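> Return atomic coordinates for the entry below.
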Amino acid sequence: MNQADTAWMLISTALVLLMTPALAFFYGGLVRSKNALNTMMMSFISLGFVGIAWALIGYSLAFAPGNAVVGDLSRVFLQGVGLEPNGTIPHLLYMCYQATFCIITAALISGAIVERMRFSAYVTFITLWALIVYCPIAHWVWGGGWLAKMGALDFAGGTVVHVNAGVAGLVAAVVVGKRRDYPSSSLLPHNVPFTLLGAGVLWFGWFGFNAGSAVAANGIAALAFTATMLAPAATLVVWTLIDVVRTGRPTAVGCATAIVVGLVAITPAAGFVGPMSAIALGALAAFPSYFGLIVRVKTTLDDSLDVVAAHGVGGTVGALLTGVFAQKALNGVADGLFFGNPAQLGIQAVAVGAAIVYSGVLTFVLLKLIGAVVPLRTDAADESTGLDVTQHGEEAYVHAQGSGNLSMQN
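Coordinates of the predicted model:
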């Protein structure tokens, strides 16, 4: 047991847990005021339902020995998970750290189906999705599964978290269907400062997400920390320049989105690449996600908060570029294409493809099964009124008269 490693992982776990409330603010600011609380609750509720599901069975499915596909049930109800060392930190702490990843991955999906999905169906979905979809993919990459044996590189969750959630969001948006008034110019963010606040706190928490994935207070943590600082900065610069060239002005929502895209893209590579590679990776990642947003707007897909472009595309680009920029001299694990190992890029592509297929198919089946029991979306009247009132009996903004501003709700 190492006290410095333990202290760093205690902090990292708290940082990553903070990312889910930060996500709530990021998403909450992007919707209409009548749906702000519901949207934020979709993140907050994951802290409870997914967190408990992880402790009861999820950790075992992801990190118990098992086979190449999924962990066994030897750690159900945290049997054998105590204060004994797991590496250089207490096993319970490692379990908690990994729980925070599962919690936010499930919450990420909500951005694709806000403003129309029934809350009870959503809670059922993310709880089961965490166990059936997230845990096996985590086992493949981090639990000694088949992708780990193949040599796939995913330092902190490009494939496990972002590609996985992005694909699930795409499928959910299609299965649940578009908002009844989509597309409409009235579907505008009601509180952009919330979104900027969420992006800033996400970046803060992401240092625990990426640098904490070293599971030690060491040089690799410092390498990942540096990458987490530089890559989103590069994405922000490039995104802003594209905005200015295209529209003549930089936007606040674009700024917030750029930061998240850069963080997503560097996640799989953070502990494997040097600082200049991190800048290059962040800069390159801006283009596919930026133009992915533009393409999506021209389709009928109502991926409300662009989970696919930010997390699906950003995670895919980051995972593939990990196979380009990885440097064994820094990480001691593997080189990428630019350092003489083109095969790594192929391995990364297999990992991304496997996550896309598994997550896509299982998400579709799960939503259809839940939909056969509980309606997936609210009715037209509830959607028109707003999900804050109809799903929770509360309003985000109550004025002097004691009722919400109806003109803001529409």
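
> Just list the residues touching residue 327, thanks.
In this structure, residue 327 makes contact with 272, 273, 274, 277, 335, 336, 339, judged by CB atoms under 8 Å, 6 or more residues apart in numbering. (Glycine included, C-beta is placed from N, CA and C.)

> same thing with residue 131?
By CB under 8 Å, 6+ apart, residue 131 lies in contact with 53, 57, 58, 61.

> Which residue is the nearest non-sequential neighbour of the second one?
Closest residue to residue 57 in three dimensions, ignoring its sequence neighbours and counting by CB to CB, 6 or more residues apart in numbering: residue 76, at 5.4 Å.

> same question, the last one
Among residues not flanking residue 61 along the chain, residue 135 sits closest, at 3.8 Å (CB to CB, 6+ apart).

> Looks like the one you found contacts residue 58 (just checking).
Yes: with contact defined as CB atoms under 8 Å, residue 135 reaches residue 58; the gap is 5.1 Å.

> So for the two, which sits in the more crowded spot?
More neighbours surround residue 58 than the other of residue 135 and residue 58, with 28 against 25 (other CB atoms under 10 Å).

> what about that one, distance to residue 97?
Distance, residue 58 to residue 97, using CB to CB, to the nearest Å: 13 Å.

> next one: residue 227
Counting by CB to CB, the gap from residue 227 to residue 97 is 19 Å.

> At which residues are the helices of the stretch 301-410 of the chain located?
307, 314-325, 328-331, 343-371, 380-385, 387, 406-409 (DSSP state H, counting those that start in this stretch).

> ok so, going back, quick one: which of the contacts of residue 327 is most hemmed in?
Most surrounded of the contacts of residue 327: other CB under 10 Å gives residue 273, at 33 neighbours.

> Residue 129 is nearest to which of the helices of the stretch 301-410 of the chain?
Among the helices of the stretch 301-410 of the chain, the nearest to residue 129 by CB to CB is helix 343-371 (6.0 Å).

> Give the buried residues for the closest one.
Neighbour counts over helix 343-371 (16 or more other CB atoms under 10 Å) mark 344-345, 347-348, 351-352, 354-356, 358-360, 362-364, 366-367, 370-371 as buried.

> what do you get for stretch 273-283?
For stretch 273-283, using 16+ other CB under 10 Å, the buried residues are 273, 274, 277, 278, 279, 280, 281, 282, 283.

> will you turn these into TSV that also has secondary structure?
TSV is the format used below for those (DSSP: H, G, I helix; E, B strand; the rest coil):
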residue	secondary structure
273	coil
274	coil
277	helix
278	helix
279	helix
280	helix
281	helix
282	helix
283	helix
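
> Which two among these are spaced furthest apart?
Based on CB to CB, the longest span within these runs between 274 and 283 and measures 14.5 Å.

> between residue 227 and residue 97, which one's more packed in?
Neighbour comparison, residue 227 and residue 97: the larger count goes to residue 227, with 29 against 24 (by other CB under 10 Å).

> so the more buried one makes contact with residue 265?
No: checked against CB under 8 Å, the pair residue 227 and residue 265 is beyond contact range at 10.2 Å.

> all helices of the stretch 51-200 of the chain, in order?
Using DSSP H, counting those that start in this stretch, helices in the stretch 51-200 of the chain cover 59-63, 91-108, 119-129, 135-142, 146-150, 164-176, 192-211.

> That's all I had, so thanks and see you.
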